[in-house]
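> requesting a structural model of the entry that follows:
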Amino acid sequence: MIVVTSEPNGTEFASSLPDSSAVGGVPVEVLSRWESAYRKYGHASETVSAAPPGDPEAARMMAETSADVAAAWQEIAKYCTGTWWSLAAVEAAGQAFTAQASDWTARVSQIRASRVRRVRGPR
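The predicted model follows:
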């Protein structure tokens, strides 16, 4: 199912919600949180693409929004009533975003550590 949402500034986003037969019992609030998390993730992805390499704020945004999308997928999985492969797909999406959040969190730590080394100088 494709859902089109609009931002207050008039920008429209099209997003693909999970197969409605697989997650038919998911409360609208849960799907809305998923949609919002994905929208923020898209914004963070655009920010990272435009940022200079090693930008800690852009990396932090990607870590946080990836974690939010992972949490949204994990919440959807709780309501998955379709086939086993539908549940597996939803859970895999959550796991993928969890791993991505972990990778971005590690990047943030590496960026900060390299900046501290540059300020203090080599030991």
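> just the terminal-to-terminal distance for stretch 49-61.
12 Å (Cα to Cα, to the nearest Å).
> which strands and helices sit next to the longest helix seen in the chain?
Across the chain, the longest stretch assigned as helix under DSSP state H is helix 84-120. Judged by 3 or more Cβ pairs under 8 Å, 6 or more residues apart in numbering; DSSP states H and E, helix 84-120 is in contact with helix 56-77. In short, each C-beta sits where N, CA and C put it, glycine included.
> buried residues, the helix it packs on. List them.
56, 58-77 (16 or more other Cβ atoms under 10 Å).
> what residues does it touch?
18, 23, 26, 30-31, 33-34, 37-38, 40-41, 43-45, 47-48, 51, 87, 90-91, 93-98, 100-101, 104-105, 107-108, 111-112, 115 (Cβ atoms under 8 Å, 6 or more residues apart in numbering).
> okay, the angle between it and helix 84-120?
Calculated by axes from the mean of the first three to the mean of the last three Cα atoms, to 10 degrees, helix 56-77 forms an angle of 160 degrees with helix 84-120.
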